[in-house]
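> can't give you the sequence, but here's the structure:
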């Protein structure tokens, strides 16, 4: 049986969506992966574009509310932004609640290319963290 992992951020538009896409791509046979937001705002097209550049299609993913998961048994909950960590509900069944802090690429200013560069930078940071935390050591053996 696959372990469930829930990635949380505020808007569920970029960081948590990218993390969901990466983990599903890298270790989808081992984990059932979800993402949600404390205040979902829809999938950011620049997140879709940045992920497409590395061969991962997240365009069919949708922005969901954390409320959808409150009664679910989710052993691993990972917040990917500081605001979500502060307002994240408690998941009593979670074996581990983990926090990764990534800047919000949706707050980048400038031209489309400058904004896309912010998404690429965060995308690459998320990919590195997923590889380090999920592919080098089993999640259950990690500490908070």
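Cool, got the structure. The model shown is predicted, which means the values in this text are computed figures rather than measured ones. Numbering: from 1, shown residues only.

> Can you tell me the SS state at residue 55?
Per DSSP: H, G, I helix; E, B strand; the rest coil, the secondary structure class of residue 55 is coil.

> most centrally placed residue in the chain?
residue 16 (2.3 Å; CA atoms, centre = their mean).

> Past the helix or strand containing that residue, which element shows up next along the chain?
Taking DSSP states H and E as the definition, one finds residue 16 inside helix 15-27. Once the chain leaves helix 15-27, the next helix or strand it forms, by DSSP H and E, is strand 31-37.

> buried residues in that following strand?
If you call a residue buried by 16 or more other CB atoms under 10 Å, then strand 31-37 has these buried ones: 31, 33-37. From N, CA and C alone the C-beta is placed, and that goes for glycine too.

> Redo these as JSON lines? Include distance to residue 48.
As requested, the buried residues of strand 31-37 are exported to JSON lines (distance: CB to CB, whole Å):
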{"residue": "31", "distance to residue 48": "22"}
{"residue": "33", "distance to residue 48": "17"}
{"residue": "34", "distance to residue 48": "18"}
{"residue": "35", "distance to residue 48": "14"}
{"residue": "36", "distance to residue 48": "18"}
{"residue": "37", "distance to residue 48": "16"}
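
> just curious, which of those is nearest to residue 80?
Checking the buried residues of strand 31-37 against residue 80 by CB to CB gives residue 35 as the nearest, at 8.7 Å.

> For residue 129, see how far away the nearest residue to residue 41 once chain neighbours are set aside is.
Counting by CB to CB, 6 or more residues apart in numbering, residue 11 is the residue found nearest to residue 41 once chain neighbours are left out, at 4.1 Å. As defined by CB to CB, to the nearest Å, residue 11 lies at a distance of 19 Å from residue 129.
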